[in-house]
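Peer 1: Below is the sequence, then the predicted model.
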Amino acid sequence: MHRITIVGAGFGALNAVTRLRESGLSADLTLVSRRPEFVYYPGLIWVPSGLRTGDDLRINLRQFFKRMGVTHVAAEATGLTNGGRTLETSARPLDNDGLIIASGGRFIKKLPGIEHAITPCEGIAAAQAIRDRVRAMDGGTIAMGFAGNPNEPSSMRGGPVFEFLFGMDTQLRREGRRERFKLVFFTPADKPGNRLGPKAVGSLLREMARLDIETHLGSKLKGFSERQVTTEAGSFDADLIIFMPGMTGDTWFDNTQLPRSPGGLLQGDAQCRVPGFPRVYVAGDAGSFPGPDWMPKQAHMADLQARAAVHNLVAELQGREPTETFRVELLCIVDANDRGMLVARNEKHNIVLPALRIFHWMKRAFEWWYLRQYR
């Protein structure tokens, strides 16, 4: 029996569990995460409006682990020793014959005053904080924006900000109080949403103009205060600031000798291997991979990378050459609570379809379909 350890309980980690069992490999699987639960982060956009609650998005994984024969260790990874064969955790050391790291990234919280901003993709509590703040407001300015990692611009997750922004517009209109609020979008990028493709940039900006959403683009951020956003071009007032900073690697990576990218992520190759560490793989937001600069940090990409990582790890354990690579593609619906814009991109094509109600319902149907495997 091979011993395989997986770090994380997000999209890439759970996909790796499923793929490993589908491979037929005889293996003891151990998964390390703080809690035996999965949070469906794409659904956070619907928490402020009440379309989803935290309980809707928090999935208890105990039954899934039981079905898959997974030993769950409720702990945090703290380091790596023995050439990758021993994962150090806050509970105990775990020896392995193969390791898949899918523990995600962390947001860079270095801007002065960033404690005054809510980072929505930090989890359910953050989305609920947005909900509660907006419910308590009689009016005012809500500013939403994102930035990248200056050392690795692709290490960012800006797409959800567009969804929170358009969703907030829809919510306030439904509540009959949109005229009492100013919505502002800000980012240091000149072309926000460029990773979605050139077609998407124009569509997003036109939609903001149509909805009377003010924009502040192309100026480096300098910091926040309780009621203000400051950029190199000047400052503007905001009663609520929602901000998605760039991403970097998890802190426990510092206690390893694993190679890092300029932005602090784990370096992965085209097969999702961590160079110099046999049978150590990385998938999802934790890794930096070769590919186009628009390669997304999204759940779909984590699933594709986890699939390649499993295929190659199984090959190694069976004495074969790991040759599987992953497709680079972006597939998302930019949702606005009652409609959605479909965006798809690969190395040959870029498709942007206008916001339609059917795409909103497709996104909700996909959520049900995806989560049923873990319930």
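Peer 2: Sure, I can see it.
Peer 1: got a list of what Phe326 touches?
Peer 2: Going by CB atoms under 8 Å, 6 or more residues apart in numbering, Phe326 touches 270, 272, 289, 301, 304-305, 307-308. Every C-beta, even on glycine, is put in place using the N, C-alpha and C of the backbone.
Peer 1: where's Ser261 relative to Phe326, distance?
Peer 2: 17 Å (CB to CB, to the nearest Å).
Peer 1: Spell out the residue ranges of the strands in the stretch 101-250 of the chain.
Peer 2: Using DSSP state E, counting those that start in this stretch, the strands of the stretch 101-250 of the chain run over residues 106-107, 140-146, 181-187, 214-217, 221-225, 228-231, 234-237, 240-244, 247-248.
Peer 1: now the third one against strand 240-244, angle please.
Peer 2: Between strand 181-187 and strand 240-244, the angle formed by their directions is 30 degrees, by axes from the mean of the first three to the mean of the last three CA atoms, to 10 degrees.
Peer 1: Tell me which residues touch the residue nearest to Ser33 when sequence neighbours are not counted, please.
Peer 2: Leaving aside its chain neighbours, Ser33 sits nearest to Ala9 (3.7 Å; criterion: CB to CB, 6 or more residues apart in numbering). Contacts for Ala9 (CB under 8 Å, 6+ apart) come out as 31, 33-38, 61.
Peer 1: try 10 Å
Peer 2: Contacts for Ala9 (CB atoms under 10 Å, 6 or more residues apart in numbering) come out as 17, 31-39, 59, 61, 65, 72, 102-104, 374.
Peer 1: Report the separation between it and Ala27.
Peer 2: In terms of CB to CB, Ala9 sits 18 Å off from Ala27.
Peer 1: what does Gly54 give?
Peer 2: Distance from Gly54 to Ala27, by CB to CB: 34 Å.
Peer 1: Which of those two has more residues huddled nearby?
Peer 2: Ala27 (19 against 16; other CB atoms under 10 Å).
Peer 1: Any buried residues in stretch 57-65, and which?
Peer 2: 57, 59, 61, 64-65 (16 or more other CB atoms under 10 Å).
Peer 1: So which residues of the protein form helices?
Peer 2: 11-23, 54-57, 62-68, 124-136, 159-174, 198-210, 299-317, 357-371 (DSSP state H).
Peer 1: I'd like to know which of the ones you listed is closest to Ile142.
Peer 2: Closest approach to Ile142 among these (CB to CB): helix 159-174, 6.3 Å.
Peer 1: from memory Arg195 sits against Pro292, does it?
Peer 2: Yes. Between Arg195 and Pro292 there is a contact under CB atoms under 10 Å: 9.2 Å.
Peer 1: which neighbours do the two share?
Peer 2: 154, 330, 345.
Peer 1: for the closest residue to Thr230 other than its chain neighbours, what are its contacts?
Peer 2: Using CB to CB, 6+ apart and skipping the chain neighbours, the partner closest in space to Thr230 is Lys222 (4.6 Å). For Lys222, the contacting residues are 111-113, 229-235, by CB under 10 Å, 6+ apart.
Peer 1: which of those count as buried?
Peer 2: Buried, going by 16+ other CB under 10 Å: 111, 229-231, out of the contacts of Lys222.
Peer 1: Quick one: those residues as TSV, columns for distance to Val314 and pLDDT too.
Peer 2: Below are these laid out as TSV (distance: CB to CB, whole Å; pLDDT from 0 to 100):
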residue	distance to Val314	pLDDT
Leu111	43	96
Val229	49	98
Thr230	51	97
Thr231	49	96
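Peer 1: Can I get the buried part of the contacts of Ala9 as one ChimeraX selection?
Peer 2: Filtering the contacts of Ala9 down to the buried ones (16+ other CB under 10 Å) takes a single ChimeraX command:
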select :17,31,32,33,36,38,39,59,61,65,72,102,103,104,374
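Peer 1: Out of the contacts of Ala9, which sit inside strands?
Peer 2: 31-33, 37-39, 59, 72 (DSSP state E).
Peer 1: Closest one to Gln171 out of these, please.
Peer 2: Val39 (21.6 Å).
Peer 1: Roughly how far does the closest one sit from Met362?
Peer 2: From Val39 to Met362 the distance is 21 Å (CB to CB).
Peer 1: repeat for Gly12
Peer 2: Counting by CB to CB - Gly12 and Met362 are separated by 23 Å.
Peer 1: likewise Ile101?
Peer 2: 32 Å.
Peer 1: neighbour-wise, which of those two wins?
Peer 2: Relative neighbour count places Ile101 above the other of Ile101 and Met362, with 34 against 15, counting by other CB under 10 Å.
Peer 1: How about that one: which residues does it bridge to?
Peer 2: Here Ile101 sits in beta bridges with Val7, Val282, going by DSSP bridges.
Peer 1: OK, contacts around it?
Peer 2: 5-8, 12-13, 16, 32, 77, 80, 84, 87, 250, 252-253, 256, 258, 266, 268, 272, 274, 280-284, 286-287, 309.
Peer 1: So between Arg195 and Pro292, which is more surrounded?
Peer 2: Arg195 (25 against 13).
Peer 1: which residues does that one contact?
Peer 2: Arg195 neighbours (CB under 10 Å, 6+ apart): 148, 153-154, 156, 158-159, 189, 201, 292-298, 330, 343, 345.
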